[in-house]
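Peer 1: just need the structure, nothing else, for what follows:
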Amino acid sequence: MKTVAIACNTLKDEVMMTANELEVAYPILWIESGLHQTPQKLNHGIQRQIDNISNVDNIVLLFGSCGNSLLGLKSREARIIFPRVDDCISMFLGGNERKKEWESQGHSYYLTKGYLENEANIWTDYTYSLARYGEDRARKLMRVMLKHYDRLRVIETGAYDLDPFIDETRDIAAKLELDHEVVKGSLDILYKALRGDWDRDFVIINPGETVEYAHLGIC
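Peer 2: Next comes the predicted model:
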């Protein structure tokens, strides 16, 4: 059966490491980083890629539901398969339940190398506020934005060496008045997705059907 995958460029380190280890031979198409900030734009970007794909049986989406950005997606010819996770952070931690376990130990803002380099994030918000309003007001704004968070967690996915940027994340945590913590991630869901082990951790949408709220765990 012919397969193609679509992934966000922010996940490229993890996806390519997994694909190389599995010797994946089918194409992986990339969606522009930053579209997560506007779920509708992300939705349209993924649908455009789907519409340009032909002569395949399976389209694997390496995304979480990410603000319902997968809602309404469809393919006339192929099955659409995606992991049953709320967002990409859950995918890197090993699933929704594993993320809930971490959150039970303290509410956190999560970073990976890809998110720090490619996405708008809490640090880009801070630097923008700093340039526009000055340090005192920027810090006050961050306290409001992060009032429910007590730490910044860096996910160790195993796709790269943390050392070159861990000092930067420690500095970010200090400036945002958050505790810094490195947590062990898991790429099991990515491995299963690219290997074709589409079990209960995945949603499978048949050709001609549309991704609905129920598929995203929303009733």
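Peer 1: with adjacent residues omitted, what lies nearest to the residue nearest the centre of the chain?
Peer 2: Compute the mean C-alpha point of the chain, and by Cα atoms, centre = their mean the closest residue is residue 88, 2.4 Å away. In this structure, residue 88 finds its nearest non-sequential neighbour in residue 64, 5.1 Å apart by Cβ to Cβ, 6 or more residues apart in numbering. Placement of C-beta: from N, CA and C, glycine included.
Peer 1: next, the buried residues of whichever strand or helix holds residue 169.
Peer 2: Here residue 169, judged by DSSP states H and E, is contained in helix 163-175. Under the neighbour-count criterion of 16 or more other Cβ atoms under 10 Å, helix 163-175 has 165, 169, 172, 173, 175 buried.
Peer 1: which strands and helices sit next to that helix?
Peer 2: Packing partners of helix 163-175 (3 or more Cβ pairs under 8 Å, 6 or more residues apart in numbering; DSSP states H and E): helix 113-118, helix 122-133, strand 151-156, strand 179-184.
Peer 1: can I get the CA coordinates of the lowest-mean-pLDDT helix or strand in the chain in CSV?
Peer 2: For the chain, scoring each helix and strand by mean pLDDT, DSSP states H and E identifies helix 113-118 as the least confident one, at a mean of 89. Extracted C-alpha coordinates of helix 113-118, given in CSV (Å, rounded to 0.1, in the frame of the first residue of the first chain):
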residue,chain,number,x,y,z
LYS,A,113,14.7,22.7,20.0
GLY,A,114,12.3,22.8,17.1
TYR,A,115,9.8,25.0,19.0
LEU,A,116,12.5,27.3,20.2
GLU,A,117,14.0,27.8,16.7
ASN,A,118,10.9,27.7,14.5
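Peer 1: list the buried residues of that helix.
Peer 2: Within helix 113-118, the residues scored as buried using 16+ other Cβ under 10 Å are 113, 114, 115, 116, 118.
Peer 1: tell me the phi and psi of the residue of the chain most remote from its centre?
Peer 2: Computed with Cα atoms, centre = their mean, the residue of the chain farthest from its C-alpha average is residue 136, at 31.9 Å. Main-chain dihedrals, residue 136, degrees, to the nearest 10: phi -60, psi -50.
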